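[1] How does the following fold in three dimensions:
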Amino acid sequence: MKCCNTARKLVQALLFPEACVLCDQWVVNTELSPLCYRCLNSLDPVSPPICEICGIPVPGDVLGRFPMCSSCRAGDAEFDQARAWGLYEGDLRRVIREFKFRSRRRLAVPLAGLLGQCFQSFEHTFEYILPVPSHRDRIRSRGFDQIRVLAKLLSREAGVPIFDGLSRIKNTKPQFGLPSRERSRNVKGAFQLKEPGLVENRKILILDDIITTGATVQEISSVLRSKAGPRWIGVLSVARAAHRYPL
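    Have a look, this model is predicted:
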């Protein structure tokens with residue numbers, strides 16, 4: 001195995017030389033990923049205390065309890081629990097943007113590794129992974145479906161099949177840059193569920209790359225609740241917006 005890894009690194013060095021997207025140093029690794037191990041290990045995960053429902057960082061009290069944010073206390077969440085590996089800021093934001101907008105597809109491997117770490121935080125055994133679907137026009141312009149690429153890697157690692165029964169039927173505007181209320185209107189009616197019986201009374205994990213206000217996963221969760229009646233809905237993403245909700 002050690003000889004195979006050495007040979008693979010040599011092939012990369014000779015045929016696919018590439019600089020790390022963060023430190024610009026020459027990268028040699030077994031994943032052929034343009035992210036060196038030192039920079040990968042320097043990325044910061046979300047630190048507690050976090051909202052026990054949506055996972056947003058919140059202030060803890062003097063007893064060290066993990067409270068809920070005001071939105072989740074009001075019962076606004078359509079899902080049961082959401083977790084993200086890190087905050088969408090700094091170096092993690094740079095890596096995700098290189099992957100998503102500059103088609104650095106080999107970054108999927110380290111990003112899926114982060115998802116795998118965060119996946120372990122759920123105390124549930126999921127029966128399906130549901131990647132947030134992209135519209136075909138968006139996939140065509142970007143060149144690939146970045147969330148599905150991550151879903152395939154996570155599915156393989158976790159041993160959980162992918163559910164393909166949800167499609168995006170509206171080519172919505174990009175959520176970034178839209179006010180919170182406009183984001184909810186933007187994705188309203190954007191998704192269609194096929195074969196709802198397959199997810200009835202099942203534990204479903206919705207997978208996204210970035211969660212900002214949560215409007216997209218809220219809409220998908222609402223569709224699942226109204227059409228299929230899943231037993232439990234989790235949400236997992238590589239990163240979430242860095243803003244904090246008030247208590």
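
[2] what about stretch 113-131, average pLDDT?
    Within the predicted structure, the mean pLDDT of stretch 113-131 is 96.

[3] end to end, how far does it reach?
    Across stretch 113-131, the terminal residues are separated by 16 Å (CA to CA, to the nearest Å).

[4] Determine how far that stretch lies from the middle of the whole chain.
    10 Å (CA atoms, centre = their mean, to the nearest Å).

[5] Now that stretch: buried residues?
    In terms of neighbour count (16 or more other CB atoms under 10 Å), stretch 113-131 has its buried residues at 113-116, 118-119, 122, 126-131. Yep, even glycine has a C-beta here, placed from its N, CA and C like the rest.

[6] got the buried residues for stretch 27-41?
    Residues of stretch 27-41 classed as buried: V27, V28, N29, E31, L32, S33, P34, L35, C36, C39, L40 (neighbour count, 16+ other CB under 10 Å).

[7] who touches A84 in this structure?
    Applying CB atoms under 8 Å, 6 or more residues apart in numbering to A84 gives the contacts V46, G55, C118, I211, L236, S237, V238, A239, R240.

[8] okay, those in a markdown table with secondary structure and distance to A19 next?
    Compiled in a markdown table, the contacts of A84 are given as follows (DSSP: H, G, I helix; E, B strand; the rest coil; distance: CB to CB, whole Å):
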| residue | secondary structure | distance to A19 |
| --- | --- | --- |
| V46 | coil | 28 |
| G55 | coil | 33 |
| C118 | helix | 27 |
| I211 | strand | 29 |
| L236 | strand | 30 |
| S237 | strand | 27 |
| V238 | strand | 22 |
| A239 | strand | 23 |
| R240 | strand | 28 |
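
[9] out of the residues you listed, who's nearest K188?
    Sorting the contacts of A84 by distance to K188 puts I211 at the head of the list, at 17.6 Å, by CB to CB.
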